[in-house]
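Engineer: I would like to see how this sequence folds:
(one chain, ligands or ions: 1)
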Amino acid sequence: MDELVSRHVKLDGVVTLVDAKHAMQHLNEVKPRFVVNEAVEQVAYADRIILNKIDLVTETELEVLTNRIKHINGMAQIKLAKFGSVDMDFVLGVGGYDLERIDSQVQVDSSCSPSHHREAGHEHHNHHHDHVHDSTVSSVSIVYEGTLDLDEVDDWLERLIEEKGEDLYRMKGVLSINGSDQRYVFQGVHSTLDGCPGSTWGPDEKRINKLVFIGRNLDETTLRKGFRGCLV
Ligand SMILES: Nc1nc2c(ncn2[C@@H]2O[C@H](COP(=O)(O)OP(=O)(O)OP(=O)(O)O)[C@@H](O)[C@H]2O)c(=O)[nH]1
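Structural biologist: You can find the predicted model right below:
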């Protein structure tokens, strides 16, 4: 956002290192009102997550923690590690804010979905209802085949960041726009929103919209309704 700084450095992406042995304890810490839980926020903002020290936990513990992380952030790629050993490519050249790369990043995790989340007309969300601590930070994903009106989309997203910008940590989407052969991609952080035409849809390709929102107190029903209001 700063002109001078941005001339010299670029924000490539946010990589969060999670200590598998101790993370749950910190994610579950109940903070006083208006005090943020930094562990939750660090997971929420991440483009990539290294889940480290997996040798110190049981498979069940790892699964519970992974589900918890996916509930908070349904967008970040997660890599399991011991002693932080991951490929350099996982932490550098992330392109978390590159519009050209949004397409490959908005892959809604199939393990979060009951089934067939890519089917036409099927909306999908990745809330896990089975965990005890219902953190107020979560992800809502929308996967839906159809065509959208770009003006309606603009209005909807503008309204959304105006009303909920402070609570919206990250959002990304690939959209199918009426009258355009190109995908429309967008990404946002709080009240900053970027969007532009992306790659062209294949001739026989299903035009499936994919959106992910990560934030505090997200109202899934309202988000879905807003999205549906943009369909032509
Ligand atoms: N068993 C095991 N130990 C690890 C792993 N990664 C790091 N450690 C050990 O954990 C200890 C503490 O290291 P870290 O948790 O990485 O330390 P840190 O995050 O820099 O320390 P703080 O900033 O104080 O939290 C060291 O003795 C590491 O060798 C791992 O994957 N498995």
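
Engineer: most centrally placed residue in the chain?
Structural biologist: Met75 (3.5 Å; CA atoms, centre = their mean).

Engineer: and that residue, how far is that from the ligand?
Structural biologist: Distance, Met75 to the ligand, by CB to the nearest ligand atom, to the nearest Å: 24 Å. (Each C-beta comes from the backbone N, C-alpha and C, glycine too.)

Engineer: show me what contacts that residue?
Structural biologist: Asp47, Gln105, Val106, Ser139, Arg170, Lys172, Val212, Ile214 (CB atoms under 8 Å, 6 or more residues apart in numbering).

Engineer: neighbours of the third one, how many?
Structural biologist: As a burial measure, the neighbour count of Val106 was computed by other CB atoms under 10 Å and equals 22.

Engineer: pretty sure it sits against Leu211.
Structural biologist: Yes: the pair Val106 / Leu211 is scored as a contact, 7.2 Å apart, by CB atoms under 8 Å.

Engineer: circling back to that earlier point, can you flag the buried ones in the contacts of Met75?
Structural biologist: Asp47, Gln105, Val106, Ser139, Arg170, Lys172, Val212, Ile214 (16 or more other CB atoms under 10 Å).

Engineer: name the nearest of the contacts of Met75 relative to Val94.
Structural biologist: Asp47 (5.1 Å; CB to CB).

Engineer: picking that back up, overlap in contacts, Val106 and Leu211.
Structural biologist: Lys172, Gly173, Val174.

Engineer: in helices, which of these fall?
Structural biologist: Using DSSP state H, the subset of those located in helices is empty.

Engineer: need those residues in CSV with pLDDT, can you?
Structural biologist: Output for the shared contacts of Val106 and Leu211, formatted as CSV (pLDDT from 0 to 100):
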residue, pLDDT
Lys172, 95
Gly173, 96
Val174, 96
